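Peer 1: Below is the structure, and that's it, no one-letter string:
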Ligand SMILES: Nc1ncnc2c1ncn2[C@@H]1O[C@H](COP(=O)(O)OP(=O)(O)OP(=O)(O)O)[C@@H](O)[C@H]1O
């Protein structure tokens, strides 16, 4: 139980609002206290760096100090990290404003989290009422693809004469249909035209996939939203759930999809108590089915029109950086108009740095990062951003060569590492004995058990009334007998309710480490991740919560990656633009600001895609506080080109920085052209294409 929050006094009110500007204040006070009669839903259009996070935290704190019950607030954020940060900030604001002692406990927000994790909680609570077994486990994207691949194979689609779409593409299509609420044929037509001929087969495949999930009692990411939306389509349940919450607040609303907006609407059809915050200019997740329409259409979706508050003062960037960013976004086709302004003057314009190629780009960035550090900026206050994870390869080499520590976000994720998946699979298989994917993975870790035996075991389990008993009774091949009986013992321990979390993870680890030694040469490196998993486990109340939360929002990095420094050290941030969302740094470098990269050559099909690429560049630029460098390599590796291309092409500056907007940038060419310097001119046409020859030798 948390202590009740003391009632505000006139004095604390003055202090409370002291830090906010007029627009932020309007958002914080809407419908609260004297304005309680205003029941309109609230849309906060928050320009980049305009204090969105702060404003939302203040609003939540203001609601609590005015008597709202934190247990009856649902706060939906984009990541688990954002939810935790919000809880801390709200606590901080309340502590400061109400003069609470540091020892006094602050209200927690039990219903804050991502749409998917809150969806998982609702599903578990309501499982019995919607015909779901509450022991369900959750498939991440990798598992979903594997299961789709199995069904694809089982129904004979992997042997079609013309190649049938790969399992990853099939999951992509399936997920898009669910999240956008569009019919299959439309999704095929608009996003996957090369798969349109397979419509009938895809339908059959998706039917089989749904069937398989149900048999195994697993749900995938999309089901968490879909089932939640379906619960909400049932009027009695919708009313019951809607009435459990007085306030529904959604952050990063620009990156929600149709299903998510349907959920909000059905929970609060009148719009009373609904607050959404976002910036249509920063919508960058349409590849996941997000639609910028949600934020554009929000004002008119409820029984009463919404109040719109626009935050236009930017506190992050200097005036020249903001001017350059505004110049990029002003050319967008459709948006909620706003005029971002700042009071931070600076003599430094954003720089457009022209370099000969990606190797020189890496050198320039490394030089610049060190110079900035000499000038007093820590490495942590600097970031290098890029469109795609692979684009930092040359830079990573250069940084390693110069011993500059860095951490990369947006590459291989912790949970994608094979050994982490192995341990998670052991826990999941114990949690849900019908989960075939986890079962396959785990049983094949046992020496002497291969695919055929694993299939025999899982079939027996699927047919049994009690799958765990079927596992105990299973007869393995003679050569696996010893190892098998160890596993059977472990499995029984993991299913024993007397074993309290996280002791079961310790048991799983003790069983797994010898397998790890046997399977991987670099077991000692991988063991660090397993240790990390055990450390993480302590933060979760139960195995079920651990599995759910980690599957939905995994930690970002693995020890496989080179040079993860200790957290107390200084290190440079490398990040994809997508993973840089919501963050800010003193100095920001953006790599490969060329056509073919931003916009990506994979995304130039439709004007919607181009618009999203423009917003991506805008998001990258608006992360910078004091210094912004956009790098334009002259020669650039492109992924899509006609036959015979040498895969490096002469690149042009991104189309989003037009000639008309160039005045906002300082152009720098590096290295400066010198007589006879090899980099001062385009290289001559090569006499010999050794790479072509090498390829031709195998044709
Ligand atoms: N009223 C204020 N006075 C002074 N500084 C502020 C105020 N509001 C916000 N800031 C500062 O502005 C910066 C940007 O805030 P925040 O990170 O919340 O922005 P944001 O709107 O979430 O940005 P984005 O959408 O671009 O990620 C932060 O450094 C924050 O401390």
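Peer 2: Perfect, I can see it now. Because the structure is a prediction, the values reported are computed rather than measured. Numbers count the residues shown, from 1 in each chain.
Peer 1: any idea which element the nearest residue to residue 196 once chain neighbours are set aside lies in?
Peer 2: Once flanking residues are discounted, residue 196 sits nearest to residue 188: 4.4 Å by Cβ to Cβ, 6 or more residues apart in numbering. For glycine as for every other residue, the C-beta is placed from the backbone atoms N, C-alpha and C. Element membership for residue 188, per DSSP states H and E: helix 184-190.
Peer 1: for residue 94, same thing?
Peer 2: helix 80-98.
Peer 1: try residue 199
Peer 2: Residue 199 belongs to helix 199-216, assigned by DSSP H and E.
Peer 1: Could you list the buried residues of that helix?
Peer 2: Within helix 199-216, the residues that count as buried by 16 or more other Cβ atoms under 10 Å are 201, 202, 205, 206, 208, 209, 212, 213, 214, 216.
Peer 1: what's in contact with it?
Peer 2: Under the contact criterion Cβ atoms under 8 Å, 6 or more residues apart in numbering, helix 199-216 has outside partners 139, 147-148, 150-152, 154-155, 157, 160, 164-165, 170, 173-174, 177, 184-185, 188, 195, 219-220, 223, 432, 434-437, 462.
Peer 1: hang on, the earlier thing: which residues are contacting the helix holding residue 188?
Peer 2: Helix 184-190 is contacted from outside by 173, 176, 177, 180, 195, 196, 199, 202, 203, 206, 606, using Cβ under 8 Å, 6+ apart.
Peer 1: Residue 83: which of these is nearest?
Peer 2: Comparing the contacts of helix 184-190 against residue 83 with Cβ to Cβ places residue 180 closest, at 25.1 Å.
Peer 1: OK, contacts around the closest one?
Peer 2: Residue 180 neighbours (Cβ under 8 Å, 6+ apart): 187, 257, 258, 289, 291.
Peer 1: Including neighbour count, could the residues you listed go into a markdown table?
Peer 2: Output for these, formatted as a markdown table (neighbours: other Cβ atoms under 10 Å):
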| residue | neighbour count |
| --- | --- |
| 187 | 24 |
| 257 | 22 |
| 258 | 19 |
| 289 | 24 |
| 291 | 22 |
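Peer 1: The residue of the chain found nearest the ligand: neighbouring residues, count only.
Peer 2: Here the chain gets closest to the ligand at one residue, residue 51, 2.7 Å apart by Cβ to the nearest ligand atom. Residues lying near residue 51 (other Cβ atoms under 10 Å) number 22.
Peer 1: Likewise for the one 3 residues further on?
Peer 2: Applying other Cβ under 10 Å, we find 18 residues neighbouring residue 54.
Peer 1: just checking, it touches residue 89?
Peer 2: Yes - using Cβ atoms under 8 Å, residue 54 is in contact with residue 89, at 7.2 Å.
Peer 1: How far does stretch 572-589 stretch from one end to the other?
Peer 2: Using Cα to Cα, to the nearest Å, one end of stretch 572-589 lies 11 Å from the other.
Peer 1: Make 618 the first number, not 1, from now on.
Peer 2: Sure, I'll start numbering at 618, so the last one becomes stretch 1189-1206.
Peer 1: wait, does that stretch contact the ligand?
Peer 2: Yes - remark: stretch 1189-1206 sits within contact range of the ligand at 1199, 1201, by Cβ under 6 Å from any ligand atom.
Peer 1: and this protein, which of its residues are near the ligand?
Peer 2: Near the ligand, when you scan the chain using Cβ under 6 Å from any ligand atom, you find 636-638, 641, 663, 665-671, 896, 899, 932-933, 1199, 1201, 1239.
Peer 1: change it to 8 Å
Peer 2: 636-638, 641, 663-672, 896, 899, 928, 930-933, 1198-1201, 1236, 1239-1240, 1242 (Cβ under 8 Å from any ligand atom).
Peer 1: Restricted to helices, list these.
Peer 2: 641, 669, 670, 671, 672, 1236 (DSSP state H).
Peer 1: For the last one, give me the pLDDT.
Peer 2: When you say that, I think you mean residue 1236. The model reports residue 1236 with a pLDDT of 95.
Peer 1: List the residues that contact it.
Peer 2: Here residue 1236 is in contact with 665, 899, 901, 1194, 1197, 1198 (criterion: Cβ under 8 Å, 6+ apart).
Peer 1: show me what contacts residue 999?
Peer 2: 986, 989, 990, 1189, 1190, 1202, 1203, 1204, 1205, 1206.
Peer 1: Residue 923: neighbour count?
Peer 2: For residue 923, the tally of surrounding residues (other Cβ under 10 Å) stands at 18.
Peer 1: returning to what we had before: and the contacts of helix 816-833, which of them are buried?
Peer 2: 756, 764-765, 767-769, 774, 781-782, 787, 790-791, 794, 801, 805, 812, 836-837, 840, 1049, 1051-1054.
Peer 1: Name the surrounding residues that touch stretch 769-777.
Peer 2: Identification of contacts with stretch 769-777 by Cβ under 8 Å, 6+ apart yields 781, 784, 787, 818, 821, 822, 825.
Peer 1: okay, the residues you listed in CSV with distance to residue 916 next?
Peer 2: Listed next are the contacts of stretch 769-777 as CSV, based on distance: Cβ to Cβ, whole Å:
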residue, distance to residue 916
781, 44
784, 41
787, 37
818, 42
821, 42
822, 40
825, 42
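Peer 1: wait, which of those is closest to residue 862?
Peer 2: Nearest member of the contacts of stretch 769-777 to residue 862, counting by Cβ to Cβ, is residue 787, at 36.3 Å.
Peer 1: Give the bridge partners for residue 1245, please.
Peer 2: residue 1205 (DSSP bridges).
Peer 1: show me what contacts it?
Peer 2: 934, 938, 941, 967, 968, 1204, 1205, 1207, 1238.
Peer 1: Also residue 1062?
Peer 2: 1039, 1129, 1132, 1136.
Peer 1: Now do the same for the last one: its pLDDT.
Peer 2: By that I understand residue 1136. 83.
Peer 1: Leaving out the residues flanking it, which one is nearest to it?
Peer 2: Take residue 1136 and drop its neighbours on the chain: the residue closest to it by Cβ to Cβ, 6+ apart is residue 1062, 7.3 Å away.
Peer 1: What does that neighbour show for phi and psi?
Peer 2: phi -80, psi -20 (degrees, to the nearest 10).
Peer 1: repeat for residue 1145
Peer 2: Dihedral pair for residue 1145: phi -60, psi -40, per degrees, to the nearest 10.
Peer 1: What is the burial count for it?
Peer 2: Around residue 1145 there are 14 residues (other Cβ under 10 Å).
Peer 1: Any figure for the gap between it and residue 1124?
Peer 2: Using Cβ to Cβ, to the nearest Å, residue 1145 is found at 20 Å from residue 1124.
Peer 1: what's the least confident helix or strand in the protein, going by average pLDDT?
Peer 2: Here the helix or strand of the chain ranked lowest by mean pLDDT, DSSP states H and E is helix 1307-1313, holding a mean of 48.
Peer 1: ok, residue 996 - contacts?
Peer 2: Contacts of residue 996 by Cβ under 8 Å, 6+ apart are 986, 990, 1021, 1022, 1023, 1187, 1188, 1189.
Peer 1: Which among those count as buried?
Peer 2: Using 16+ other Cβ under 10 Å, the buried ones in the contacts of residue 996 are 986, 990, 1021, 1022, 1023, 1188, 1189.
Peer 1: what two of those are the furthest from one another?
Peer 2: Largest pairwise distance in these, by Cβ to Cβ, is 12.6 Å, between 990 and 1023.
Peer 1: Now do the domain split for this protein, please.
Peer 2: Domain assignment of the chain by the TED database yields the ranges 639-736+849-928, 754-833, 936-1029+1184-1286, 1031-1169.
Peer 1: could I get those domains as a markdown table with distance to residue 743?
Peer 2: Below are the domains of the chain laid out as a markdown table (distance: least, Cβ to Cβ, whole Å):
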| stretch | distance to residue 743 |
| --- | --- |
| domain 639-736+849-928 | 7 |
| domain 754-833 | 16 |
| domain 936-1029+1184-1286 | 31 |
| domain 1031-1169 | 15 |
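Peer 1: Relative to residue 746, which of these is closest?
Peer 2: With Cβ to Cβ as the criterion, residue 746 lies closest to domain 639-736+849-928 of the domains of the chain, at 7.2 Å.
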